[in-house]
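Novice: what follows is a protein structure lacking sequence information:
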């Protein structure tokens, strides 16, 4: 092996090692504590998989989907995994998570290669394999609900970069771009907001730089020869994604049950305070802990997470406004896209009534990629940095932040809500109860943790006992007749007055189980005792 090969191995080995370490930590922790990490949202994936195995197909008309009809989503993985382990849902989920982890990591590695970031780009992939931050942990590390989004994002973005460099395969790449963009838009409007809109903005910005380069004295590094092809492909992507979304919202809406974002999203009043809030959420998404002691492991981890988040922000700013002349076309598009996506997301998140801090998860891998690009060029510009073991330092920092999350106050053993629910489920199974009613967050999770032996019906609340048409079978729009149990948590129990004591069969501090015989009008009994307090 020559010196060049030795040097390449030396560059590749640390990030690959940390990539395997992060993947192992994520999967192993879920294998050990997975039951505590399941929620009714994530449990719906396996319940839908059971429905699909029973009815056939990749989508079901007998299912209430959520706010987006995810046509090509995790059910493609959960369905065969459930078929292999129909009586062991923990193993089915663990297998599905392992496959989804590969489907998340592999396209990102391919994208790093296509974008020609180099070996340091693998550090971004390695960072994404670790469970870091509340939003990233619940949406990726444990539920894997954004894997399909990232899969289509990296594949489409990678094909775009290939198309911009190609001279003889433009037709093939254009067809692929249309197909993947249509599927991406058909899956979710988030793709249009966080992929297509920023890319069009980037292309327009590059065209304006060329048009006003003399008058505005724009730096030569801002002028790229790919502005017109980029605009062409980004517009094609936007139109294809929009067509996919229209197909989803019009054609599929008439055949499947789900809530359209068109009916659920509203603009809020313009607010500078909201803008600053979502910017702080973006930085905090890299692992900041709330309400922890300053001089504790979690507190020190928060300081490290803050440094990581700020390092990502500083990397984007430096690469765009100071070192853009060093960037290749692919790197320049990537960094400029990340900046545009953040700006657009800040505005939308700050003024849309449907916003959660974990929505920033979709941009975290791009932040890591920009950080790896910045490290790459800083090492070139400043010779002493070449001797610094930045990889080991960064890897140790990530491991520390990650471990503070999975053993800390949020996801550590004994810290999840299911700790108190699991004994209740065990009691229900031991006493032969197999049909129950509960509000959403106690419903699907009970079905999964009983390996499907307990079938649950979700209701909106105990004031009306109306079926909740959300992530459950359409047949559950009608509540079952008698011979059922009703599962009530502590807060819900406090809203019920007299009239239910005679039906209590099991009670612990956090949960109460009511049992009703065949023919008992349990709906009127519960709604009649509801106080609304």
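Specialist: Here it is on my side, so go on. Keep in mind the model is a prediction, meaning the values are calculated, not measured.
Novice: for stretch 14-30, buried residues please.
Specialist: 14-16, 18-19, 21-23, 25-27, 29-30 (16 or more other Cβ atoms under 10 Å). Any C-beta I mention is one placed from the backbone N, CA and C, and that applies to glycine too.
Novice: show me where this structure has its strands.
Specialist: With DSSP state E as the criterion, the chain has strands at 435-439, 455-459, 484-489, 504-507, 511-516.
Novice: tell me the strands beside the shortest one, with direction?
Specialist: Sheet pairing here is set by DSSP bridges, and for strand 504-507 it gives strand 511-516 (antiparallel).
Novice: what angle separates the strand it pairs with from strand 484-489?
Specialist: 160 degrees (axes from the mean of the first three to the mean of the last three Cα atoms, to 10 degrees).
Novice: do you know the pLDDT at residue 225?
Specialist: Looking at residue 225, its pLDDT is 77.
Novice: next up, the contacts around the closest residue in space to it that isn't next to it in sequence.
Specialist: Closest residue to residue 225 apart from its sequence neighbours, by Cβ to Cβ, 6 or more residues apart in numbering: residue 329 at 8.0 Å. By Cβ atoms under 8 Å, 6 or more residues apart in numbering, the contact list for residue 329 reads 164-165, 224-226.
Novice: with residue 515 instead?
Specialist: 433, 484-485, 503, 505.
Novice: show me where the stretch 101-250 of the chain has helices.
Specialist: In the stretch 101-250 of the chain, the segments counted as helices under DSSP state H, counting those that start in this stretch are 121-128, 134-136, 147-165, 170-187, 190-191, 197-211, 227-246.
Novice: how about those, which one is nearest residue 102?
Specialist: helix 147-165 (9.6 Å; Cβ to Cβ).
Novice: ok, residue 466 - contacts?
Specialist: With Cβ under 8 Å, 6+ apart, residue 466 has these contacts: 459-460.
Novice: ok, back up a step: for the residue nearest to residue 225, give its distance to residue 223.
Specialist: 11 Å (Cβ to Cβ, to the nearest Å).
Novice: worst-scoring helix or strand of this protein, pLDDT-wise?
Specialist: helix 261-264 (a mean of 56; mean pLDDT, DSSP states H and E).
Novice: these two touch, right, residue 529 and residue 499?
Specialist: Yes. With contacts counted by Cβ atoms under 8 Å, residue 529 reaches residue 499, the gap being 4.1 Å.
Novice: how about the contacts made by residue 121?
Specialist: Contacts of residue 121 by Cβ under 8 Å, 6+ apart are 112, 115, 369, 372-373, 376.
Novice: coming back round to it: select from the buried residues of stretch 14-30 every entry located in helices.
Specialist: 14-16, 18-19, 21-23, 25-27, 29-30 (DSSP state H).
Novice: any chance of the residues you listed in CSV, plus pLDDT and distance to residue 266?
Specialist: Output for those, formatted as CSV (pLDDT from 0 to 100; distance: Cβ to Cβ, whole Å):
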residue, pLDDT, distance to residue 266
14, 83, 47
15, 87, 43
16, 89, 46
18, 89, 43
19, 91, 41
21, 91, 44
22, 90, 38
23, 92, 40
25, 89, 40
26, 89, 36
27, 90, 39
29, 86, 38
30, 85, 36
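Novice: from the residues you listed, pick the one nearest residue 48.
Specialist: Out of those, the member with the shortest distance to residue 48 (by Cβ to Cβ) is residue 30, at 19.5 Å.
Novice: apart from its neighbours in sequence, what residue is nearest the closest one?
Specialist: Counting by Cβ to Cβ, 6+ apart, the residue nearest residue 30 is residue 97, at 5.9 Å.
Novice: count of neighbours near that neighbour?
Specialist: 23 (other Cβ atoms under 10 Å).
Novice: what do you get for residue 278?
Specialist: 21.
Novice: surely it meets residue 343?
Specialist: No. Counting by Cβ under 8 Å, residue 278 does not reach residue 343; the two are 11.3 Å apart.
Novice: so who does the nearest residue to residue 519 once chain neighbours are set aside touch?
Specialist: Spatial nearest neighbour of residue 519, excluding adjacent residues (Cβ to Cβ, 6+ apart): residue 482 at 4.9 Å. Listed by Cβ under 8 Å, 6+ apart, the contact partners of residue 482 are 516-520, 522.
Novice: got the phi and psi for residue 482?
Specialist: phi -60, psi -170 (degrees, to the nearest 10).
Novice: most neighbours out of the contacts of residue 482, which is it?
Specialist: In the contacts of residue 482, the most neighbours by other Cβ under 10 Å go to residue 522, 24 neighbours.
Novice: which stretches of the stretch 251-400 of the chain have low pLDDT?
Specialist: 252-265, 383-391 (pLDDT under 70).
Novice: rerun that using 80 as the cut-off
Specialist: 251-267, 291-292, 294-295, 297, 353-354, 379-395 (pLDDT under 80).
Novice: for the stretch 101-250 of the chain, same thing?
Specialist: Where the stretch 101-250 of the chain drops to pLDDT under 80, the residues are 187-190, 211-225, 248-250.
Novice: and with 50 instead?
Specialist: Of all residues in the stretch 101-250 of the chain, none has pLDDT under 50.
Novice: show me where the stretch 351-500 of the chain has helices.
Specialist: Using DSSP H, counting those that start in this stretch, the helices of the stretch 351-500 of the chain run over residues 364-381, 383-387, 390-406, 418-430, 440-449, 490-493.
Novice: out of the ones you listed, which is closest to residue 244?
Specialist: helix 364-381 (21.8 Å).
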